[in-house]
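K.L.:
Need the 3D shape of this:
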Amino acid sequence: MSDAPDASSSDFAAMAAPAAEHAMLEPFVGEFSAEVRMWMGPGEPMVSTGTMTNSWELGGRFLRQSYQGDPSEGPFPDFEGRGFFGYNTVDRRWEGFWIDTASTIMQFEQGEVDAAGKMWTMRGSMTNPRDGQPVAKRSVITLVDDDHHSMEMFFETPEGEAKGMAIDYARKG
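P.N.:
I've put the predicted structure just below:
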């Protein structure tokens, strides 16, 4: 006996095929200059720059993100990051995954896009490195046009939600 779900091969084919939602990520494909602002507490943010290269993986099912920070002073002089972003056709939600050289945390998010298909709101949680407690986070990805997009990340604090990061992307070339 098998414990596999009872489904036809057409059900599995539909689950595996890229959907119209995947095409919504097409403007993110390419190479982008990035300006990163990170708030580590009150006051002015740290500012850094780098390049984000996004490409389709696995037949257009996932957007692969590869970030290379420009060499800089500060706590992350050789920053690199990798991620995947896509649409889960089974659960009908957007999902993202991110790892980078600033920590050993694997960050997962889930969310939705607005009716215009221009603003994704993603939610997740991670462990606060200061106290080891879970902290809720929210990321907002805004498609300005085919050559520009942004990402803002907010963290829940005892005082309420606080912006921790903002990145502006502009297509190179």
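K.L.:
How far off centre is the lengthiest helix in the chain?
P.N.:
Identified as the longest helix of the chain according to DSSP state H is helix 9-16. Taking the mean of its C-alpha atoms, helix 9-16 sits 27 Å from the chain's own mean (Cα atoms, centre = their mean, to the nearest Å).
K.L.:
what's it packed up against?
P.N.:
Under the contact definition 3 or more Cβ pairs under 8 Å, 6 or more residues apart in numbering; DSSP states H and E, helix 9-16 sits against no other helix or strand. Glycine gets a C-beta too; all of them are placed from N, C-alpha and C.
K.L.:
Need the residues that contact that helix.
P.N.:
T89, V90 (Cβ atoms under 8 Å, 6 or more residues apart in numbering).
K.L.:
So that it lines up with my notes, have the first residue be 233 from now on.
P.N.:
Sounds good: first residue 233 from here, last item helix 241-248.
K.L.:
buried set for it?
P.N.:
Within helix 241-248, no residue counts as buried by 16 or more other Cβ atoms under 10 Å.
K.L.:
same thing with stretch 387-404?
P.N.:
Quick answer for stretch 387-404 (16+ other Cβ under 10 Å): F387, G396, M397, A398, I399, D400, Y401, R403.
K.L.:
so where's this protein shaky on pLDDT?
P.N.:
233-241 (pLDDT under 70).
K.L.:
Which parts of it are strands?
P.N.:
262-270, 278-289, 294-301, 312-320, 325-332, 339-345, 351-359, 366-377, 380-389, 392-403 (DSSP state E).
K.L.:
Mind putting these into a markdown table with distance to D243?
P.N.:
Output for those, formatted as a markdown table (distance: least, Cβ to Cβ, whole Å):
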| stretch | distance to D243 |
| --- | --- |
| strand 262-270 | 34 |
| strand 278-289 | 23 |
| strand 294-301 | 21 |
| strand 312-320 | 15 |
| strand 325-332 | 19 |
| strand 339-345 | 23 |
| strand 351-359 | 27 |
| strand 366-377 | 30 |
| strand 380-389 | 34 |
| strand 392-403 | 37 |
